[in-house]
Every structure is written in structure tokens, then in C-alpha cells.
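K.L.:
build me a model:
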Amino acid sequence: MTASSHKPPIRFTAIEKVKIKPRGLVEICLRRVAANFLKYDQATLIKTLGKQVEDIYQFLDLDMPIPEAATRVNDEAYWKRRTAKEFRNCQNEKHGMSWKQTYLEMELEKSLEQLPVDHTVQDIEALKAKIQSAARLYIYQLRIRQFRSHADLSVLFESLPALTALTLTFGDRHLGMDYERAMFGMKIADAQALARHLRISQTLASLSLPCNLIDDELCKVLISGLSYAHMLTYLDVSHNKIGDRGARRIASLLDPNYCLQHLDLSDNQIHANGCMHIGAHLAENTTLEFLNLRLNRMEDNGVSHLFQDLCVNKNLHTLNISANDLTQRCLSYLSSVLVENKSLTRLDISANPLFGAEVRKEDEDPAYDNKELSCTDPESPFGIFVQCIMNSDSIIKLDMRNCNLPAEILQKIDIAVKTRDLQKRDIPIEAYIRKEEEKVEVEATEPVDLEGEGAVAAEGEEEPVPVEGGEPEEGEEEVEEEKEET
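P.N.:
Below you'll find the predicted structure:
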């Protein structure tokens, strides 16, 4: 035999050194079934494969049409993978602890937010086809942050029998240079459509309409539908333009015929008259637990009537009246609330000039003539207010920031309220008291250093005396350089 006939032996890599192993026969079969998943009958597939159906879900296509996926797939791991692929930072805690519900709700929200202004009938029919499948039984809450299309809301209320919470804002969030004032806010047609569906809805318990430019006229249209919503427990109409007339109509929802528990009217245009109507209905109310009236214009006159009615109310536990231009005139009424109302546990009166505010000449009260608002005088309105806070057994949260209060009084109030809160929750307070005492000791040593700095600054105000051998100033350096050049 010639030398050319001899060939080198073929070397085979040992099977244990191969990093990529071929798929097993079972896995190949499962992938084949998953690729043709929609061709099989669901009941037959479960009966034939048994527990192996769960293994098939691992290989299912994540782009499967929603009507088919909602009907045939109930595996939470599949819906978790699909949700993570489409959306970022999603949490199923906000969607009933179900990944299937999370995906279906967020996908519908995305479709409604992206619906164009000049939508066609085909767009609405495609949206209905997506909703009217088995997915409609898994949609309980929707948070639509931009609804620029102003489409008919019958798509939601007629197709979603389990809808219990709706947050709706008309407008567009990202316009840039294409800004148009007409694109924002709720229109009369939108309010009429929403009121019409609120009359017949039997499941909606939470309604939020923030940032919709709702005024008194739109509020009148909405109340025509809300008056039939006896199952509503949560209402948010914050960041709108509701005035006294609108507040008076909304206050009618606090009558005993309704079960409203949460009412948010913050950042509106409610004055004293509207606040009086809210307080009048609140006196006989037995269901409301949370009331937010911050960033309005109620002032002392309206809030004083509200406090008088709160003395009778025995159910409200959270009240926010911050940034309402309140002064020391309302402190006596607030003190009576702290004494007589034992259900109020959280109070926010921040951003009000309660201490040290200048009284306008047209608002001068003879009762306050020649009487200073002193923090140390126990007979002054503020002194009585502080005593009521200290002696209260119910207040566990109190916000008094930006009220022009002295720092030592504010710290004293915070310690008393925080201690009461810890005691209510059976938490040891020794560590908290020790920490606050250390903080007070540190703050007590700071004024010594500040006085020294102030003394140096005061002395530094005088013109400095030039010292021989010292560093010359900038002007002196320039003069010396010119002399040397000459």
C-alpha cells in the first residue's frame, strides 16, 4: 500500500466534554405540541397529557393572540413571562396578585391610551374583539392616564361586567410642540356619556377623574349620574376647577343614602361657601373615613364651620386641610375638634400661616385685639391648641410643617404625637425617646459655634488693617507690578 493511502484517524470528542447536548425526545415532543397548541382541543389535551401540560406552557408562544391565550392558558408562570416581556416594572400586587389579570389590564390600558384621535370604526371593533373574549372576566380595574381619543365609553362599561375601579384622564401626556389647549380636559359629551353609564353600572366602586378641567357645569352633568351610584365608595376629583356650586353638589353624596368612604377634592377652587355645605352634610354622615381638601381657598370662615360640624361626626379618621390660608382665628374651633372628636386620628394642617401671620385690616376681630399669639402662654389660642394636642388620645399623625411655628414647639408636638403612635401599636418607645434626646443635645451645642462664627463675621465687617508681611490684596499686587515695570 502506498503512503498516500494511509489517512490519519478521525478523532471524536468524548461525550462528557460536549457542552451542548441534544434535546431529549420528550422535550422535542413537548415543543411540537406547544407549536401547534391552538390546533388541539383543550379538554382532550389535559386528559391525555395530565401534568405534562404544565411543561407545555413553558414552550408556548408569548405572542399568542389575546382572545385565545385568555381562554386556553391559566398558567401564572406563562403570564408572568409575557408581562415581563411587554411591560417594565410591573407588580401583580396592584392587580389582585394575579399575573394574568396584570397583563390583561395593562394591555387594555395601553390600547386605550394609544387609540388615535381620528380613530375609525375598525379600530373600535378591534378593541371590542380584544375585550369581549374571556379576557373581560379578568379585568377589574383600569388606570387610563391619557385618553386622547374621547371615544364612547360604552366600550368599557358594556364589555366589562367585572369593572370595579376606573381612573380616567382626558388629554395627552407627551405633546411637545404639538400642544393644543382643546386636547385637554373632559368635554360635555364625555361627561354625559360617563353619567349615562354610571346610572346603570352595578359594580363600579371606585372612580378617579383627576386633571380633567372639571368645572361646576361639568360637575352638574356628572352628578346626574353619580346620584344613582349608591355602590360608590371612592371618589377622586382632584386637580380640577370645581367651585362652590360643584362642591355643594358633590356634598350631596355624603347623605345617608350613599356609602362614600374616600373623597378627594384637593387642588380645586372651593371657597368658604362650598366648605360650609361639605361640613353640613358631614355632620350627619356615618360612612366617610377620608377627606382631602388641601390646596383650596376655604380660609378661616369656611374651615371654622367645618370644624363645628366635625365635633358631631364620629366616623372620619383622616382630614387634610393643608394650604388653605388658615390663620390663628380657626385655632379655637380646631381645639374643640381635638377635644370632642375621638375618631379623628390623622390631621394635616401644613402650609398654613397659623403662627405669626399678619391680620388684614378688613378681617380684624375685636376679640383678638391686644392679644398676642404666644407659644408659652397657656391661655392664648395657640397655647390651648398645643395643650389639646398633648392631651389628645386619638391623634397619631399630625403634620404642621411650614406653619411658621418655633422649632422647639414643633419638635415637642412631634415627639408627643410619635410617642402616642408607638404606644398604639405596642412598640417600645425607649429607643425613640433616647434618639430624640440625643438629637436635642446635639442641637443645643450648635448655637455656641454659630455665635462664634457670628462674632467673627461681625468683626469682619470693619475694614481690614493691612499687616506688614501679610499677603497683599489683588489691587495692591497690580500696583506693585506696575511700579516694577516702570
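
K.L.:
so Leu45 is in contact with Val53, correct?
P.N.:
Yes. Using Cβ atoms under 8 Å, Leu45 and Val53 qualify as a contacting pair, with a distance of 6.3 Å. Placement of C-beta: from N, CA and C, glycine included.

K.L.:
which residues touch Pro210?
P.N.:
If you count contacts by Cβ atoms under 8 Å, 6 or more residues apart in numbering, Pro210 has them with Thr167, Thr169, Asp236, Val237, Ser238, His239, Asn240.

K.L.:
what is the nearest of those residues to Leu115?
P.N.:
The shortest gap between Leu115 and any of those belongs to Thr169, at 14.0 Å (Cβ to Cβ).

K.L.:
from what I can see that closest one touches Arg143, true?
P.N.:
No. Here Thr169 lies out of contact with Arg143, judged by Cβ under 8 Å, at a distance of 9.2 Å.

K.L.:
of the two, give the one with the bigger neighbour count.
P.N.:
Neighbours were tallied for Thr169 and for Arg143 using other Cβ atoms under 10 Å; the higher tally belongs to Thr169 (22 against 15).

K.L.:
hmm, who's touching stretch 124-137?
P.N.:
Residues beyond stretch 124-137 that count as contacts (Cβ under 8 Å, 6+ apart) turn out to be 66-67, 70-71, 104, 107-108, 111-112, 115, 139, 151-152, 155, 159-162.

K.L.:
what about it, how long is it end to end?
P.N.:
Here the two ends of stretch 124-137 are set 19 Å apart, with distance taken as Cα to Cα, to the nearest Å.

K.L.:
report how many residues lie close to Ile139.
P.N.:
23.

K.L.:
do I have it right that it meets Leu108?
P.N.:
Yes. Applying Cβ under 8 Å, one finds Ile139 in contact with Leu108, separated by 6.1 Å.

K.L.:
distance of Glu441 from Glu158?
P.N.:
Between Glu441 and Glu158 the distance is 67 Å, computed by Cβ to Cβ, to the nearest Å.

K.L.:
settle it for me: which of these two has more neighbours?
P.N.:
Each of Glu441 and Glu158 had its neighbours counted (other Cβ under 10 Å), and the higher figure belongs to Glu158 (14 against 9).

K.L.:
return the residues in contact with that one.
P.N.:
Taking Cβ under 8 Å, 6+ apart as the criterion, Glu158 is in contact with no other residue.

K.L.:
what does the pLDDT read for it?
P.N.:
Confidence at Glu158, expressed as pLDDT, is 87.

K.L.:
equivalent analysis for Gly469, please.
P.N.:
pLDDT, Gly469: 45.

K.L.:
same question for the one 5 residues further on.
P.N.:
The predicted local distance difference test score for Glu474 is 49.

K.L.:
before we move on, which element is Leu319 in?
P.N.:
Counting by DSSP states H and E, the element that carries Leu319 is strand 318-320.

K.L.:
by contact count, what packs against that strand?
P.N.:
Packing partners of strand 318-320 (3 or more Cβ pairs under 8 Å, 6 or more residues apart in numbering; DSSP states H and E): strand 290-292, strand 346-348.

K.L.:
JSON lines for those strands, including distance to Cys330, mean neighbour count and mean pLDDT?
P.N.:
As requested, these are arranged in JSON lines below (distance: least, Cβ to Cβ, whole Å; neighbours: other Cβ atoms under 10 Å; pLDDT from 0 to 100):
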{"stretch": "strand 290-292", "distance to Cys330": "16", "mean neighbour count": "20", "mean pLDDT": "97"}
{"stretch": "strand 346-348", "distance to Cys330": "13", "mean neighbour count": "21", "mean pLDDT": "97"}
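
K.L.:
switch those strands over to CSV; also include distance to Asp255.
P.N.:
Shown next, in CSV, are those (distance: least, Cβ to Cβ, whole Å):
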stretch, distance to Asp255
strand 290-292, 15
strand 346-348, 24
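
K.L.:
follow-up on the earlier one: show the buried residues in the contacts of stretch 124-137.
P.N.:
Among those, those classed as buried by 16 or more other Cβ atoms under 10 Å are Ile66, Ala70, Leu104, Glu107, Leu108, Leu112, Leu115, Ile139, Ala151, Val155, Ser159, Leu160.

K.L.:
enumerate every residue touching the third one.
P.N.:
For Leu104, the set of contacting residues under the criterion of Cβ under 8 Å, 6+ apart consists of Ile66, Ala70, Ala135, Tyr138, Ile139.

K.L.:
pLDDT wise, what is Pro464 at?
P.N.:
The pLDDT attached to Pro464 in the predicted structure is 48.

K.L.:
typo on my end, it should be Glu485
P.N.:
If you check Glu485, the pLDDT there is 53.

K.L.:
do Glu180 as well
P.N.:
At Glu180, the pLDDT value in this model is 82.

K.L.:
that one: neighbour count?
P.N.:
A count of nearby residues for Glu180, using other Cβ under 10 Å, gives 8.

K.L.:
Provide the backbone phi and psi angles at it.
P.N.:
Main-chain dihedrals, Glu180, degrees, to the nearest 10: phi -140, psi 130.

K.L.:
quick one: Ala151 and His119 touch, right?
P.N.:
Yes. Taking Cβ under 8 Å as the definition, Ala151 is a contact partner of His119 at 6.4 Å.

K.L.:
straight-line length of stretch 32-39, end to end?
P.N.:
End-to-end distance for stretch 32-39, by Cα to Cα: 11 Å.

K.L.:
for that stretch, buried residues please.
P.N.:
Neighbour-count burial for stretch 32-39, with 16+ other Cβ under 10 Å as criterion, is recorded at Val33, Phe37.

K.L.:
element containing the closest residue to Pro378 other than its chain neighbours?
P.N.:
With Cβ to Cβ, 6 or more residues apart in numbering as the criterion, Pro378 has its nearest non-adjacent residue at 6.4 Å, and that residue is Gln387. Here Gln387, judged by DSSP H and E, is contained in helix 381-391.

K.L.:
next: Asp421.
P.N.:
With the criterion set as DSSP H and E, the secondary-structure element containing Asp421 is helix 407-424.
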